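# Got a sequence here, can you build the structure:
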Amino acid sequence: MPKFFRVMSLALVEATVVMVIAGCVVLNPSTRQIQTVASPAPKYVFLFLVDGGGIPHLEITRQYNRHVHHEGLVITDKIMREGSVGLMTTHAANSLSTDSAAAATALASGCKANIGALGMCADGSVTPTVMEHAKQRGMRIGLVTNSTLYDASPAAFVCHVPNRRHYAAIIDRYLELEPDVLLGGGKDQFLPKSRPGSRRRDEADVIAAFKKKGYRNVTNKQELERSSHGKILGLFSLKEMRFEIDRDKDIEPSIYDMTRATIRHLHDDNPQGFFAFIENENVDTASHLTDIAAMIHDYREFDRAVGLAYEFYKKYPRETLILVTSDHETGGLGFTMALKDLGSVKSDNQAAGTVEDLKKIQSIAISLQKASQMLGRKPTAEAVENLMRDHFSGFTLAPEFKEAILARRPLWRTLFIDPTAHALGMMIASATQAYWQTSSHTNHPVTVAALGLGAERFSGYYDNADFGKQLIAILNGN
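Residues are numbered from 1 along each chain as shown. Here you go, the predicted model:
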């Protein structure tokens, strides 16, 4: 394997780290203490989770917005500058890295969990999640994702199951707890076994069961926009929802659209307040596929959704808490220095990422997932050439990348999920110097941006279980 393929990001983005550390009191994760001074509990809580989004993902999106669209980023320009910033570790109880189940359990329940467990602590104990606390307080609750509704991150906030793949049990728990808002994909597990597209093992019609409990079921963007009050179940795709770069904007709602509807349903005529969990899973999925263009598009839309919460906060600044964080970093992403070719290591044969490289990324109009699907599991040389001509005309596919696509062969030990997507991803990296270390999760710490009532308690350097403990304490006025 040529050394060129092993050129990866060597450090987190310096500017962002400096910004984070400047606003933090650094604490040892093992000695951080939860504050117990009684204080007013927030009436409105937004927890935004950008799944898989590390510091480099945030910074690259910020630079892209600035140089390509001449725009700012709400997360950095509003939430971080006006509020508090922290750094949070992400490892699981039984692994130095994590999966979304263990990470979300720590955020929701305040305890370390093993890989794959939902709402169950590593010591075998089960504690109420922050959303269950909110429900007990009489607050409305909402779960929003562009993944499947039964996926690990939203499920960990209301479920207690030993395995994240116990989908029927997760959906049964939703039906029992009755969140006021449920929006996302995953209709396949709500349909009876005999219906087309179903992946259930029984004939339970879960959509009908939700309707009996007073839920309105919506299936597209127009129906969502027309909904105004009451409990709502939105299922917009059989499985995961599409990447923002591929989304049919007339039919499928974005994370921004779903957030706007969530605020409307949770806030209208509601004296008790609400807790809204809003996740963009597509940043993680794009990063698993080493797809920087799809990642940026979805991160930008996620930031727009955070902007809706910020506008809400300006109306209710003394009653609102906004938290923006991630469960883990995916991909080991970063702009770096690389050789133009393997002929020399001299400075005139080296290249670093520039603003022009961001513009190259802008030229990509489809996700690498879609490109891989277009080529199929038995791609031909002609099909690859047509794909390059129609969708990647500004890039050159090196022979070794084309061979990997045709043979469906992984490029490297850490790039193994989709050989076609990874070969195209490394082609883009070669042209832009935005490299990926892996197609999986890393142990990088992630940022926590907080604004509003109790935001100052999320500064510092701490573990994700401490985040969960702190959030539960704040919600209960401790």
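# From residue 287, how far out is the nearest residue to residue 237 once chain neighbours are set aside?
Take residue 237 and drop its neighbours on the chain: the residue closest to it by CB to CB, 6 or more residues apart in numbering is residue 185, 4.1 Å away. The way it works is simple: take the backbone N, C-alpha and C, and place the C-beta from them, glycine included. Distance from residue 185 to residue 287, counting by CB to CB, to the nearest Å: 18 Å.
# Could you point out which residue ranges in the stretch 301-450 of the chain have low pLDDT?
The stretch 301-450 of the chain contains no residues with pLDDT under 70.
# Run through the strands of the stretch 251-400 of the chain in chain order.
For the stretch 251-400 of the chain, strands defined by DSSP state E, counting those that start in this stretch occupy the ranges 274-280, 320-325, 334-335, 337-339, 350-352.
# what lines up beside the first one in the sheet?
Taking DSSP bridges as the criterion, strand 274-280 pairs within the sheet with strand 44-50 (parallel), strand 140-148 (parallel).
# next one: the shortest one
Paired with strand 334-335 in the same sheet, following DSSP bridges, are strand 434-435 (antiparallel).
# Enumerate every residue touching residue 182.
Contacts for residue 182 (CB atoms under 8 Å, 6 or more residues apart in numbering) come out as 142, 143, 149, 174, 210, 215, 232, 233, 234.
# Please repeat the previous calculation with a cut-off of 6 Å.
143, 149, 233 (CB atoms under 6 Å, 6 or more residues apart in numbering).
# Can you get me a residue count around the closest residue to the first one other than its chain neighbours?
If I follow you right, that is residue 143. Distance criterion CB to CB, 6+ apart; nearest residue to residue 143, sequence neighbours excluded, is residue 154 at 4.4 Å. By the measure other CB atoms under 10 Å, the count of residues near residue 154 is 32.
# Next: residue 363.
Neighbours of residue 363 under the rule other CB under 10 Å: 12.
# isn't it right next to residue 392, touching?
No: using CB atoms under 6 Å as the test, residue 363 is too far from residue 392 to be in contact (8.5 Å).
# Confirm residue 233 sits in a helix?
No: secondary structure of residue 233 (DSSP: H, G, I helix; E, B strand; the rest coil): strand, not part of a helix.
# Tell me the spacing between it and residue 124.
Taking CB to CB, one finds residue 233 at 33 Å from residue 124.
# Between these two, which is the more surrounded one?
In this view residue 233 and residue 124 are compared by other CB under 10 Å, and residue 233 has more residues nearby, 24 against 7.
# and the more buried one, what does it touch?
Applying CB under 6 Å, 6+ apart, the residues near residue 233 are 182, 210, 215, 217.
# Tell me the spacing between residue 105 and residue 329.
18 Å.
# And these two? Which one has more around it.
The residue with more neighbours, out of residue 105 and residue 329, is residue 105; 38 against 27, by other CB under 10 Å.
# Look at the closest residue to the more buried one other than its chain neighbours and say how many residues are nearby.
Leaving aside its chain neighbours, residue 105 sits nearest to residue 113 (3.8 Å; criterion: CB to CB, 6+ apart). For residue 113, the neighbour count with other CB under 10 Å is 28.
# before we move on, which element is residue 113 in?
For residue 113, there is no enclosing helix or strand under DSSP states H and E.
# And the pLDDT at it?
Looking at residue 113, its pLDDT reads 98.
# where's it relative to residue 365, distance?
Residue 113 is 39 Å from residue 365, by CB to CB.
# do residue 79 as well
Shown here: residue 79 relative to residue 365, a distance of 30 Å by CB to CB.
# State the number of residues packed around the residue nearest to residue 454 when sequence neighbours are not counted.
In space, and not counting its chain neighbours, residue 454 is closest to residue 474: 4.3 Å by CB to CB, 6+ apart. Counted with other CB under 10 Å, residues neighbouring residue 474 total 24.
# Now do residue 474 against residue 106, distance only.
Taking CB to CB, one finds residue 474 at 16 Å from residue 106.
# Over to residue 55?
From residue 55 to residue 106 the distance is 19 Å (CB to CB).
# Looking at those two now, which is surrounded by more residues?
residue 106 (30 against 23).
# Just checking the distance from the helix or strand hosting that one to the centre of its chain.
Element membership for residue 106 (DSSP H and E) is helix 100-109. Chain-centre distance of helix 100-109: 13 Å, with CA atoms, centre = their mean, to the nearest Å.
# For it, C-alpha coordinates in CSV please.
In CSV, the C-alpha atoms belonging to helix 100-109 read as follows (Å, rounded to 0.1, in the frame of the first residue of the first chain):
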residue,chain,number,x,y,z
SER,A,100,-23.7,5.9,19.5
ALA,A,101,-25.6,3.7,22.0
ALA,A,102,-23.0,3.9,24.8
ALA,A,103,-22.4,7.6,24.1
ALA,A,104,-26.0,8.6,24.0
THR,A,105,-26.6,6.6,27.2
ALA,A,106,-24.0,8.6,29.0
LEU,A,107,-25.5,11.9,27.7
ALA,A,108,-29.0,10.8,28.7
SER,A,109,-28.5,8.8,31.9
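# who does it touch, helix- and strand-wise?
Contact partners of helix 100-109 among helices and strands, from 3 or more CB pairs under 6 Å, 6 or more residues apart in numbering; DSSP states H and E: helix 152-155, helix 464-475.
# which of these is buried the deepest?
helix 152-155 (a mean of 28; mean count of other CB atoms under 10 Å).
# Neighbours of residue 84, how many?
For residue 84, the count of nearby residues is 21 (other CB under 10 Å).
# Leaving out sequence neighbours, find the closest residue to the residue positioned nearest the centre of the chain.
The structure's the chain has its C-alpha centroid closest to residue 51; by CA atoms, centre = their mean the separation is 2.2 Å. The shortest distance from residue 51 to any non-neighbouring residue, by CB to CB, 6+ apart, is to residue 284 (3.9 Å).
# ok, now residue 376?
residue 383 (7.8 Å).
# What of residue 178?
In space, residue 178 is closest to residue 213, 6.2 Å off (CB to CB, 6+ apart).
# Check residue 242 too.
Distances taken as CB to CB, 6+ apart put residue 252 closest to residue 242, at 6.0 Å, once the chain neighbours are dropped.
# Flag the shaky bits of the stretch 1-150 of the chain, pLDDT-wise.
Using pLDDT under 70, the stretch 1-150 of the chain drops low at 1-39.
# Can you list the residue ranges for helices in it?
Along the stretch 1-150 of the chain, counting by DSSP state H, counting those that start in this stretch, helices occupy 14-22, 55-68, 74, 81-82, 100-109, 130-136.
# Looking at those helices, spot the one closest to residue 315.
Nearest to residue 315 among those is helix 81-82; the distance by CB to CB comes to 14.9 Å.
# for the stretch 201-350 of the chain, what spans make up the helices?
Under DSSP H, counting those that start in this stretch, the stretch 201-350 of the chain gives helices at 206-212, 221-226, 255-267, 282-288, 292-315.
# Walk me through the domains of this protein.
The chain breaks down by automatic domain parsing into domains covering 19-332+441-475, 354-432.
# From the chain's centroid, how far away is the longest one?
The chain centroid and the centroid of domain 19-332+441-475 are separated by 8 Å, computed with CA atoms, centre = their mean.
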